[in-house]
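K.L.:
curious how this folds, go ahead:
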Amino acid sequence: MSAFTAVLARDLRLAARRRVEALLPVAFFTVAVSLFPFGVGPEAQTLRIIAPGVVWVCALLAAMLSVTQLYATDHADGSLEQMLLCGESPVLIATAKALAHWLLTGLPLIVFAPLFGLMFDMRGESIAALTFGLVLGTPILSLLGGVGAALTLGLRSGGVLLILLILPLCIPALIFGAGAVGAVESGVSAQGHYSLLGALLIVTLLLAPWATAAALRISTE
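P.N.:
Here you go, the predicted model:
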């Protein structure tokens with residue numbers, strides 16, 4: 001756990017020094033979501049219908065925008081090899097990196113989600129469903145993004161390949177997250193969608209760090 005804490009604290013400190021890079025995904029999410037009401041029009045019913053999908057798609061794209069550099073900088077300066085050679089579990093290192101990514105990218109999206117719900121004229125119950133779905137779903141995006149970042153580490157045009165690899169795996173989280181809001185809007189319980197999101201999170205949390213650790217070993221050999 002000391003290695004886990006050290007890697008997590010190191011990534012947060014580096015993000016604090018590189019504020020522009022750290023804020024770029026949040027800025028992209030904010031601008032992208034804010035443009036939809038201007039493009040679609042001010043019709044409240046239309047905005048309420050498209051809101052869950054818009055927020056989730058923008059959250060997914062924001063996560064993919066930032067995850068490409070999750071291991072690239074450490075690999076370039078040699079610190080990644082030092083982490084893997086220090087004798088600590090690569091699984092803990094991968095988990096700490098994914099948690100740092102979620103704290104810097106996923107958590108701000110969750111905080112801003114209610115504001116965008118109000119922008120799209122969503123009801124209080126729908127905003128709560130959207131926010132809770134992001135709480136369950138955004139860690140999945142960070143964990144899967146870590147796998148993709150490790151698999152494409154050091155490859156030319158790795159960012160494009162990462163998106164092609166990871167986006168299909170993230171679609172179930174997007175479907176269930178947006179579906180929870182749709183269920184609430186229709187007066188149906190969203191418990192099934194939450195259960196499926198929770199199951200996806202548990203499976204991803206159990207498997208993704210191990211897959212990331214294996215991919216890191218292969219990419220750094």
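K.L.:
quick check, pLDDT for the residue of the chain most remote from its centre.
P.N.:
Outermost residue of the chain with respect to the C-alpha centroid, by Cα atoms, centre = their mean, is residue 43; its distance is 29.8 Å. Here the pLDDT value assigned to residue 43 is 79.
K.L.:
so how far is residue 103 from it?
P.N.:
36 Å (Cβ to Cβ, to the nearest Å). All C-beta spots, glycine's among them, are computed from the backbone N, C-alpha and C.
K.L.:
residue 41 now?
P.N.:
In this view, residue 41 and residue 103 are 36 Å apart by Cβ to Cβ.
K.L.:
could you give the separation of the helix ranked longest in the chain from the chain centroid?
P.N.:
Ranked by residue count, the top helix of the chain under DSSP state H comes out as helix 191-220. Going by Cα atoms, centre = their mean, to the nearest Å, the spacing between the C-alpha centre of helix 191-220 and its chain's C-alpha centre is 12 Å.
K.L.:
go on, stretch 2-12?
P.N.:
19 Å.
K.L.:
and the closest residue to residue 40 other than its chain neighbours, what element?
P.N.:
Nearest non-adjacent residue to residue 40, counting by Cβ to Cβ, 6 or more residues apart in numbering: residue 46, 5.9 Å away. Secondary structure from DSSP states H and E places residue 46 in helix 44-67.
K.L.:
which other helices and strands does that helix contact?
P.N.:
Judged by 3 or more Cβ pairs under 8 Å, 6 or more residues apart in numbering; DSSP states H and E, the packing partners of helix 44-67 are helix 19-40, helix 90-101, helix 107-119, helix 124-151, helix 158-185.
K.L.:
tilt between that helix and helix 158-185?
P.N.:
150 degrees (axes from the mean of the first three to the mean of the last three Cα atoms, to 10 degrees).
K.L.:
put the alpha carbons of helix 44-67 into CSV.
P.N.:
C-alpha atoms of helix 44-67 as CSV (Å, rounded to 0.1, in the frame of the first residue of the first chain):
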residue,chain,number,x,y,z
ALA,A,44,-37.0,21.8,-23.4
GLN,A,45,-38.5,18.4,-24.3
THR,A,46,-35.8,17.7,-26.9
LEU,A,47,-33.0,18.8,-24.5
ARG,A,48,-34.3,16.5,-21.8
ILE,A,49,-34.3,13.6,-24.2
ILE,A,50,-30.8,14.0,-25.5
ALA,A,51,-29.2,15.1,-22.2
PRO,A,52,-28.2,11.7,-20.8
GLY,A,53,-26.6,10.6,-24.1
VAL,A,54,-24.8,13.9,-24.6
VAL,A,55,-23.3,14.0,-21.1
TRP,A,56,-22.2,10.4,-21.2
VAL,A,57,-20.6,10.6,-24.7
CYS,A,58,-18.8,13.8,-23.8
ALA,A,59,-17.6,12.2,-20.5
LEU,A,60,-16.3,9.2,-22.5
LEU,A,61,-14.5,11.4,-25.0
ALA,A,62,-13.0,13.5,-22.2
ALA,A,63,-11.7,10.4,-20.5
MET,A,64,-10.1,9.1,-23.7
LEU,A,65,-8.6,12.6,-24.3
SER,A,66,-6.6,12.4,-21.1
VAL,A,67,-5.9,8.7,-20.8
